[in-house]
Each structure stands twice: as C-alpha cells, then as structure tokens.
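Chemist: sequence first, predicted model second:
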Amino acid sequence: QLQLVESGGGLVQPGGSLRLSCAASGFTSDYYAIGWFRQAPGKEREGLSCITSHGSTNYVDSVKGRFAISRDNAKNTVYLQMNSLKPEDTAVYYCAADPFFTGQAMCVLHSEYDSWGQGTQVTVSS
C-alpha cells in the first residue's frame, strides 16, 4: 500500500523560499504521478502541481514561475521548491498519488488523487 509523508513546512517571511518533500513507500508500479495540493483555512483544497515517474510536470497558473516540482526516483521522493512566497501561500500542503496513472505522457490535477499524506503547514508571515 502506497504511503506518502510530507515534510519541510515552516514559517517563512514573504519573498522567502521553502522546499517541501514527499517521501513515498510501497509503490506497486513502475509508473506513478504525484501531485502537490494545499488547503488554506476556510478554502477548498487546491491542486498545485504534479509530476510523473518519467519527469513530466504540470502546474496551475497561480504557481507557474514560482514553484518547481521535481523527483528523485532513487530516494522515492518528490519535492516542491517554493520561491517568492506570499502570505496567500499560507496553507497546509499535501502530496497525493493519482490512482489512475498508468504511464500517460502527462499528469493531470484532478479530484480523485488518493494515498494522501498527513500534510505539512506552511506559514508565510513577517
């Protein structure tokens, strides 16, 4: 059973950077798509970015140019580098897996991701 564990959150000043990690265990396939999501208080969960096992990436417009997703297959870890952080980036950040991914060329940030991690809090404040 796939398990995902997020880490790397914390308190950062506006304009600062953080790198989140999503450590995976229990892959049952050579193919995977992992996505990063966030949920701010009182708001719906928002998909941010995803990456496939072969390195294809996808981003929502609101984070393009500021966030970068990457993966280290040897470490079974997916990263989210977040730069130029803003107070509105404050949220709990989660990673999750696409249960329908079977090696497609691109990943899609849809609502059916599963194997959610416990989340890591990111607070952007001066």
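Modeler: Sure, I can see it.

Chemist: which residue is nearest the middle of the chain?
Modeler: Nearest to the mean C-alpha position of the chain, by C-alpha atoms, centre = their mean, lies Trp36 at 2.1 Å.

Chemist: how much space between Leu48 and Gly26?
Modeler: Distance, Leu48 to Gly26, by C-beta to C-beta, to the nearest Å: 23 Å. To be clear about C-beta, it is placed using only N, CA and C from the backbone, and glycine gets the same treatment.

Chemist: more neighbours, the two?
Modeler: Neighbours per residue (other C-beta atoms under 10 Å) separate Leu48 from Gly26, with Leu48 holding more: 23 against 10.

Chemist: need the pLDDT of the more buried one.
Modeler: What the model reports for Leu48 is a pLDDT of 97.

Chemist: okay, it and Gly103: tell me how far apart.
Modeler: Leu48 sits at a distance of 22 Å from Gly103 (criterion: C-beta to C-beta).

Chemist: check Ala33 too.
Modeler: Separation of Ala33 from Gly103 (C-beta to C-beta): 9 Å.

Chemist: in contact with the residue nearest to the centre of the chain, which residues?
Modeler: Trp36 makes contacts with 20, 22, 47-50, 67, 69, 78, 80, 93-95, as judged by C-beta atoms under 8 Å, 6 or more residues apart in numbering.

Chemist: my read: Gly15 touches Ser84, true?
Modeler: Yes. In this structure, Gly15 is within contact of Ser84 by C-beta atoms under 8 Å, at 6.1 Å.

Chemist: and Gln118, what does it touch?
Modeler: Contacts of Gln118 (C-beta under 8 Å, 6+ apart): 5-6.

Chemist: I should have written Tyr32 there, sorry.
Modeler: 24, 52-53, 97-98, 101.

Chemist: out of these, flag the one nearest to Ser7.
Modeler: Ala24 (12.3 Å; C-beta to C-beta).
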